[in-house]
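Predicted model follows, preceded by the sequence.
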Amino acid sequence: MCGKRKLRMGMVGGGRDAFIGAVHRMAAMLDGHVEFVAGALSSTPEKARASGRDLGLDERRNYGTWEEMVRGELSLPAGERIDFVSIVTPNDSHFPIAEAFVRAGIHVICDKPLVHNFEQARLLVHLVEQHNLVFAVTYNYSGYPMVKQARHMVQAGELGDIRKVIVEYNQGWLATRLEETGQKQADWRTDPARAGIGGAIGDIGSHAEQLVNYITGLQIESLCADLTTFVPGRRLDDDANLLLRFSNGARGLLYASQICIGNENDLRIRVWGTKGGLEWRQEEPNYLVFKPLGQPERIYRRGNDYVCEAARKNTRLPFGHPEAFIEAFANIYNAAGEAIRAGSGARGGTRHDFPDVYDGARGVHFIECTVASSRSEQKWTDARWPLCRPPVS
């Protein structure tokens, strides 16, 4: 067991010139519960080792490849191996890396989307259950305190029965064919071989779907999708518009676009029930708007004593001092770390507050259903979730 010592973290990907690796490392170590001890930080062995030297890794655990890292960690005494690996590579390599570490009995924290297709996701769920491991997926927006407050209010019945949800994520960075310039992020995110079958819908639409599920608990029953590629020559969608039907009878709209010029990371969600509505925006994450039926609008502010326990637990600074992106990532790492320390794997036990392998698999299923719907002449596509999460004991 890990006791009170720091958890030992390894990382695959996230080396020189990487976009998100440094964010993951800062987030994981923000609260002093994790130490970064091993890595295979690039797909090129020379660059991987150079990146590890940049970050001060011990040469004995500064691996050239992730395969070498699995072998190297398994060769160590059990008490010296990494406790978990963080996978921050392009989407196409998530599955083989995650599969190998799970089979090695090492806990995993993986970036989204989880894998390329639902068959891979189904197998990964089976392996995680079989080995009873902690497997977190970094849908980081569910780490924001006021998102947790919104979830609490829905669960407490303050909105009544949910009737309608609108979620949107608008960016403008791919409004031109940026991938032609050699820009690394644009290059792989618009490449079907590396990104998968979804462009904007996979990259940011999956975040929107997870945010809806996390706050409301609603499951999508069917959807009607229109995916568009506006930039000539691009091979994946850069704009997505979806109508949603939920299993409780609620209706929803989901928009995800990367061609909205002037928008940066404009993720927002609005939820309406029979008693009121709420609204949260990622670019102003410390505020949650609540609109109760027949009463004045209220604004909940992060850091105050009146917010729920989950929002307080995931807050570090007093009110008036903004917390944001890295802290939200850190909350995912902290919750996964608590589960690792508690020995609470995938077979049940205490339910910890982080997106897990089931959420990741559901996201892959959502992407596939959306692409299928957009290609179909049929109005509605069945999107019911086919897997069951083990009950909490």
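Yes, it's here.

At the geometric centre of the protein, which residue sits there?
Tyr139 (1.7 Å; CA atoms, centre = their mean).

tell me the SS of the spatially most distant residue from the centre of the chain?
Here the chain reaches farthest from its C-alpha mean at Gly294, the gap being 36.0 Å by CA atoms, centre = their mean. Put simply, Gly294 is coil when judged by DSSP: H, G, I helix; E, B strand; the rest coil.

and it, what pLDDT?
Looking at Gly294, its pLDDT reads 98.

Distance of Lys318 relative to His152?
For residue 318 the amino acid is Pro, not Lys. 20 Å (CB to CB, to the nearest Å). For the C-beta atoms, the positions are set from N, CA and C on the backbone; glycine is no exception.

Comparing those two, which residue is more hemmed in?
His152 (16 against 9; other CB atoms under 10 Å).

pretty sure the more buried one contacts Ala311?
Yes. Counting by CB atoms under 8 Å, His152 does reach Ala311; the two are 7.1 Å apart.

Confirm for me that the residue nearest to the centre of the chain is in contact with Arg362.
No. Using CB under 8 Å, Tyr139 is not in contact with Arg362; the gap is 10.5 Å.

so where's the stretch 51-200 of the chain uncertain?
Within the stretch 51-200 of the chain, no range satisfies pLDDT under 70.

What segments of it are helices?
Assigned by DSSP state H, counting those that start in this stretch, the helices in the stretch 51-200 of the chain fall at 66-74, 94-103, 118-131, 145-155, 184-189, 192-195, 200.

Just put these in TSV and tack on distance to Lys112.
Formatted as TSV, the helices of the stretch 51-200 of the chain follow (distance: least, CB to CB, whole Å):
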stretch	distance to Lys112
helix 66-74	18
helix 94-103	9
helix 118-131	11
helix 145-155	16
helix 184-189	13
helix 192-195	12
helix 200	14
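
so which of these gets nearest Ala346?
Ranking the helices of the stretch 51-200 of the chain by proximity to Ala346 (CB to CB) places helix 118-131 first, at 4.6 Å.

What residues of the closest one count as buried?
For helix 118-131, a neighbour-count test (16 or more other CB atoms under 10 Å) marks Phe118, Gln120, Ala121, Arg122, Leu124, Val125, Leu127, Val128, Glu129, His131 as buried.

now the helix or strand containing Arg8, how far from the chain's geometric center?
Under the criterion of DSSP states H and E, Arg8 resides in strand 7-12. Offset of strand 7-12 from its chain centre (CA atoms, centre = their mean, to the nearest Å): 18 Å.
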